[in-house]
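[1] Show me the folded form of this:
(one chain, ligands or ions: 1)
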Amino acid sequence: MDIKGKNVLITGASSGIGAAAAIEAASRGAFPILVARRRNELERIAAMIQNNTGRLPLFQNCDITEKSDRSALIEWLEKEIESLPLLINNAGITAHGRFDKTRPEVLERTMQVNFFAPVFLTQEILPLMRKAEGKKKIVLVSTPSALHGVPGRFAYSASKAAGHAWIETIRIELKEEGFDTLLFCPGYTTTALRTSGLAGDGSTLEEEQASGARTPEDVAKLLLTSVRKDDRISFTNAAGRYLYYMRTMAPGTLENALGKKLKKDFQK
Ligand SMILES: NC(=O)c1ccc[n+]([C@@H]2O[C@H](COP(=O)([O-])OP(=O)(O)OC[C@H]3O[C@@H](n4cnc5c(N)ncnc54)[C@H](OP(=O)(O)O)[C@@H]3O)[C@@H](O)[C@H]2O)c1
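    Numbers count the residues shown, from 1 in each chain. As a prediction, the model looks like this:
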């Protein structure tokens with residue numbers, strides 16, 4: 001898919017991978033539309049894009065878990081643009097904690113942000129996407145943790161795995177109308193994700209960045225390259241590819257490796 005000259009709506013564009021994807025998409029000639037809750041951060045990223053390209057991108061603050069916010073977003077979009085060929089569902093939170101130590105509201109919030117919100121937003125935005133000529137694409141920024149339940153991360157794994165089932169379904173259902181999909185599963189990336197997520201007791205996480213993490217700028221480049229190449233699923237590191245293949249080739253070995261990771265996490 002060639003994104004040059006096309007509208008690209010990116011959720012979670014106020015920081016991390018989403019902000020870097022908006023900057024990268026604009027540098028590749030696309031017209032990014034930035035969406036997240038923090039308007040001041042959206043303004044800052046939009047000003048950076050204007051500085052780089054001479055064109056101020058559209059941006060709108062929206063809590064994607066709130067129906068009224070999503071309705072206002074769609075109403076605004078219908079006035080601002082004619083069609084939307086590319087939607088990147090990137091906004092997300094992480095959640096850490098064992099199954100037996102995670103409060104129900106942590107699971108509910110994680111499912112709301114990572115699963116229900118992108119599903120509902122995509123349903124509501126489909127009429128605008130259907131107006132686009134040629135290829136249309138729906139992207140879910142997921143994680144390798146969706147490929148197999150990860151101990152100590154069950155809420156996060158489950159919320160993103162549900163997203164995989166959804167994307168795989170619409171890939172088939174919407175194909176005849178010219179829709180394509182991408183499951184983009186980045187490895188550790190240096191963003192706010194590990195400090196803005198939820199712990200099992202509902203408090204905010206305060207984790208250090210994982211070693212070997214990539215920059216959001218690198219990851220955004222890989223994301224847009226996967227969009228261009230029409231990948232079905234893509235990874236940014238060996239851990240993602242390892243989980244993908246081991247899940248079917250050697251599930252017992254994979255379970256042992258994940259069990260060792262759990263013990264190591266607890267020693268920390
Ligand atoms: N960083 C990693 O290591 C990593 C690895 C694998 C996958 N991912 C995935 O990458 C995606 C982006 O995360 P990131 O790493 O770039 O983290 P981040 O810097 O924390 O970005 C998360 C973005 O989501 C937005 N967001 C959160 N809740 C929202 C809501 N209710 N409504 C609208 N926007 C909301 C945040 O904006 P506001 O706070 O302004 O709303 C922010 O822009 C996530 O889906 C995550 O699961 C990240």
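[2] which residues sit in contact with whatever residue of the stretch 51-200 of the chain ends up closest to the ligand?
    As assessed by CB to the nearest ligand atom, the ligand sits closest to Gly92 within the stretch 51-200 of the chain, at 2.3 Å. Just so you know, the C-beta spots here come from the backbone N, C-alpha and C atoms, and that holds for glycine as well. The contact partners of Gly92, by CB atoms under 8 Å, 6 or more residues apart in numbering, come to Gly12, Val113, Asn114, Val141, Lys160, Leu193.
[3] What is the neighbour count of the last one?
    Other residues within reach of Leu193 by the criterion other CB atoms under 10 Å amount to 22.
[4] And for it, nearest residue in space, chain neighbours not counted?
    Once flanking residues are discounted, Leu193 sits nearest to Thr94: 5.2 Å by CB to CB, 6 or more residues apart in numbering.
[5] which residues of the stretch 151-268 of the chain fall in strands?
    179-185, 198-199, 233-235 (DSSP state E, counting those that start in this stretch).
[6] thinking again about what came up before, how many neighbours does the residue nearest to Leu193 have?
    23.
[7] I'd say Phe115 and Ala162 touch.
    Yes. Taking CB atoms under 8 Å as the definition, Phe115 is a contact partner of Ala162 at 4.7 Å.
[8] Would you mind telling me which of those two has more residues around it?
    Phe115 (20 against 16).
[9] For the more buried one, give its distance to Lys263.
    Plainly put, Phe115 is 29 Å away from Lys263 if you go by CB to CB, to the nearest Å.
[10] residues from the stretch 151-268 of the chain in reach of the ligand?
    Remark: the part of the stretch 151-268 of the chain in contact with the ligand comprises Pro186, Tyr188, Thr189, Thr191, Ala192, Leu193, Ser196, Pro216, using CB under 6 Å from any ligand atom.
[11] circling back: check the strands of the stretch 151-268 of the chain for me and report the most buried one.
    strand 179-185 (a mean of 23; mean count of other CB atoms under 10 Å).
[12] Need the mean per-residue confidence for that one.
    In this model, strand 179-185 carries a mean pLDDT of 98.
[13] Pull the residues that contact it.
    Counting by CB under 8 Å, 6+ apart, 1, 129, 135-144, 146-147, 163-164, 167-168, 170-171, 223, 226-227, 230-236, 240 sit against strand 179-185.
[14] same check, this time on stretch 111-119
    11, 64-65, 70, 89, 91-93, 140, 155-156, 158-160, 162-163, 166.
[15] what do you get for stretch 194-210?
    Contacts of stretch 194-210 (CB under 8 Å, 6+ apart): 93-98, 101-103, 105-106, 109-110, 155-156, 188, 190.
[16] Would you write a ChimeraX line that selects the buried entries of those residues?
    Selection of buried members from the contacts of stretch 194-210 for ChimeraX, criterion 16 or more other CB atoms under 10 Å:
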select :93,94,95,96,97,102,106,109,110,155,156,188,190
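[17] Tell me which stretches of the stretch 1-150 of the chain form helices.
    Along the stretch 1-150 of the chain, counting by DSSP state H, counting those that start in this stretch, helices occupy 16-27, 39-53, 67-80, 104-111, 117-130.
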